[in-house]
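Chemist: please find the sequence and the predicted model below.
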2 protein chains.
Amino acid sequence: MNARKSSNTTWHDVTVRRHDRAKLNNHRSFLLWFTGLSGSGKSTLIHGVEEELHKRGMHTYALDGDNVRHGLCGDLGFSDQDRVENIRRIGEVSKLMVDAGIITLAAFISPFASDRLKVRNLLEPGDFIEIYCNSSLEKCEERDVKGLYKKARMGEIREFTGISSPYEIPTDPELTLDTGTKTAEECVTQIITMIETRLALREWEIKK
Amino acid sequence: MNARKSSNTTWHDVTVRRHDRAKLNNHRSFLLWFTGLSGSGKSTLIHGVEEELHKRGMHTYALDGDNVRHGLCGDLGFSDQDRVENIRRIGEVSKLMVDAGIITLAAFISPFASDRLKVRNLLEPGDFIEIYCNSSLEKCEERDVKGLYKKARMGEIREFTGISSPYEIPTDPELTLDTGTKTAEECVTQIITMIETRLALREWEIKK
């Protein structure tokens, strides 16, 4: 096959780049990373925020246990080692999604600060936005939507974050939400306001 | 946090779906899977096709060794077992990308028919479009853009497809391209024509 070749292109030069996708979409892309205990509201919030962004014509995708744990990470369990690999893969997929021009929303307990830092470092500076869903263990356990805390207390689930496995609180997240006291609507509004401010600040980037 | 709840919604109901993204993008999404020997033109073609689709305002992303082998699959080697896992993960990522509304282009040797079938089965019917880049081993080896065939012949690369590891020719691909004799431009045109026909046939889907 005779491909286009010139002295300054390689055999398979990448032609459509992230910046071109931002122009097409009319917005830049980034990763919103929601971390917090089970039951702290992460999944509710990513879907609430995604809906609001979609209404504004933005290109979004939400990653959570539902679409990752049974697929890409279906071979992994819940040991410390598997949790690390789980977050690594999600980080790599998020990086591809952001490169594809998508505002990516990820909701994972991601209890270890080192794993979250690795994802942050995978991405370009400013592209990883850590959102800490702050709700006390008591509140999360009281709510116990999925009945997981009960099972963990009964010893039916081993290495359950907050009960038998640690959660390392983010020390410098881009946003902390008091999901234990605020409504979902209030939290979504807070996030959208933050995003709009950030997008406005960096709007020039896609004009270039 | 008091989330919106009703008797027929769960705590984290997915609100933005693939169909909504197709409406926003004004086109449906699918996976173009390019398979063939090393040097058969896969990467050249995905980038050529991506450029053409992007010009038409379509939302695309190209997956190949460059952005997958060092990232998501950086922990995998080239043994049969690792090749299987490599393609499995790429299939899962492609599925997420297609769900995100992206026309996804994947260029991987993917020598085993069973692996390609697994990816096909992961996706919705009609979403996996197999494109066989047909070029003889002699042509690919003669070209040897990356110098890999030479290394494989010298035994410096083990389990190299076509030399020391099998390539199973697709028996029923959606498209076969004679990349050994045609130009890149001719092949890209053939693919674009196929895509436009398919999109036109299924255009009604995003109008619903």
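Modeler: Now that the structure is in, tell me what you want to look at.
Chemist: output the below-cut-off pLDDT ranges for chain A.
Modeler: Where chain A drops to pLDDT under 70, the residues are A:1-14, A:201-208.
Chemist: residue nearest the middle of it, spatially speaking?
Modeler: The residue lying closest to the centre of chain A (C-alpha atoms, centre = their mean) is A:Ala106, at 2.3 Å.
Chemist: give me the nearest residue to it, chain neighbours excluded.
Modeler: Take A:Ala106 and drop its neighbours on the chain: the residue closest to it by C-beta to C-beta, 6 or more residues apart in numbering or on different chains is A:Leu63, 4.6 Å away. Glycine gets a C-beta too; all of them are placed from N, C-alpha and C.
Chemist: a strand runs through the one you found, doesn't it?
Modeler: Yes - judged by DSSP: H, G, I helix; E, B strand; the rest coil, A:Leu63 forms part of a strand.
Chemist: tally of neighbours for A:Gly71?
Modeler: By other C-beta atoms under 10 Å in any protein chain shown, 16 other residues sit near A:Gly71.
Chemist: please read the previous query as pertaining to A:Asp75.
Modeler: Here the number of neighbours of A:Asp75 (other C-beta under 10 Å) works out to 11.
Chemist: now do the SS call for it.
Modeler: Local secondary structure at A:Asp75 is given as coil here, using three-state DSSP.
Chemist: A:His27 contacts A:Glu196, correct?
Modeler: No - using C-beta atoms under 8 Å, A:His27 makes no contact with A:Glu196, being 10.5 Å away.
Chemist: which of the two has more residues huddled nearby?
Modeler: Using other C-beta under 10 Å as the criterion, A:His27 and A:Glu196 rank with A:His27 on top: 23 against 12.
Chemist: Three-state assignment for the more buried one, please.
Modeler: coil.
Chemist: tell me the bridge partners for the closest residue to A:Gly36 other than its chain neighbours.
Modeler: Of all residues not flanking A:Gly36 in the chain, A:Cys133 sits nearest, at 3.2 Å (C-beta to C-beta, 6+ apart). With DSSP bridges as the criterion, A:Cys133 is bridged to A:Leu177.
Chemist: longest helix anywhere in chain A?
Modeler: helix A:80-99 (DSSP state H).
Chemist: any figure for the gap between the closest residue to A:Leu105 other than its chain neighbours and B:Gly36?
Modeler: With sequence-adjacent residues excluded and distances taken as C-beta to C-beta, 6+ apart, A:Leu105 is closest to A:Ile46, at 4.1 Å. The gap separating A:Ile46 from B:Gly36 is 38 Å, by C-beta to C-beta, to the nearest Å.
Chemist: equivalent analysis for A:Phe34, please.
Modeler: In this view, A:Phe34 and B:Gly36 are 40 Å apart by C-beta to C-beta.
Chemist: try A:Leu105
Modeler: 36 Å.
Chemist: can you give me the helices in chain A?
Modeler: A:18-25, A:42-55, A:65-68, A:80-99, A:113-122, A:137-143, A:148-153, A:184-201, A:204-207.
Chemist: could you export these as JSON lines, including distance to B:Leu177?
Modeler: Output for the helices of chain A, formatted as JSON lines (distance: least, C-beta to C-beta, whole Å):
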{"stretch": "helix A:18-25", "distance to B:Leu177": "25"}
{"stretch": "helix A:42-55", "distance to B:Leu177": "36"}
{"stretch": "helix A:65-68", "distance to B:Leu177": "32"}
{"stretch": "helix A:80-99", "distance to B:Leu177": "26"}
{"stretch": "helix A:113-122", "distance to B:Leu177": "35"}
{"stretch": "helix A:137-143", "distance to B:Leu177": "54"}
{"stretch": "helix A:148-153", "distance to B:Leu177": "50"}
{"stretch": "helix A:184-201", "distance to B:Leu177": "41"}
{"stretch": "helix A:204-207", "distance to B:Leu177": "35"}
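Chemist: for B:Lys42, which of those helices is the nearest?
Modeler: When the helices of chain A are compared by C-beta to C-beta, helix A:80-99 sits nearest B:Lys42, at 18.0 Å.
Chemist: dump that closest one to CSV, keeping only the CA atoms.
Modeler: Presented in CSV, the C-alpha positions along helix A:80-99 are these (Å, rounded to 0.1, in the frame of the first residue of the first chain):
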residue,chain,number,x,y,z
ASP,A,80,-5.5,-4.4,47.9
GLN,A,81,-3.5,-5.5,44.8
ASP,A,82,-6.6,-5.9,42.7
ARG,A,83,-8.0,-2.5,43.9
VAL,A,84,-4.8,-0.9,42.8
GLU,A,85,-5.0,-2.5,39.4
ASN,A,86,-8.7,-1.6,39.1
ILE,A,87,-8.0,2.1,39.7
ARG,A,88,-5.0,2.0,37.3
ARG,A,89,-7.1,0.6,34.5
ILE,A,90,-9.9,3.1,35.1
GLY,A,91,-7.3,5.9,35.1
GLU,A,92,-5.9,4.7,31.7
VAL,A,93,-9.4,4.5,30.2
SER,A,94,-10.2,7.9,31.6
LYS,A,95,-7.1,9.2,29.9
LEU,A,96,-8.2,7.8,26.6
MET,A,97,-11.7,9.2,27.1
VAL,A,98,-10.3,12.7,27.9
ASP,A,99,-8.1,12.4,24.8
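Chemist: what residues sit buried inside it?
Modeler: Residues of helix A:80-99 classed as buried by neighbour count (16 or more other C-beta atoms under 10 Å in any protein chain shown): A:83, A:85-99.
Chemist: just those that are near chain B?
Modeler: The overlap between these and the neighbours of chain B (C-beta under 8 Å from any C-beta of the partner chain) comes to A:89, A:92-93, A:95-97, A:99.
Chemist: between those, which sits nearest chain B?
Modeler: Of all those, chain B sits closest to A:Glu92, with 4.0 Å by C-beta to the nearest C-beta.
Chemist: list the contacts of that closest one.
Modeler: Counting by C-beta atoms under 8 Å, 6 or more residues apart in numbering or on different chains, A:Glu92 makes contact with A:122, B:71-72.
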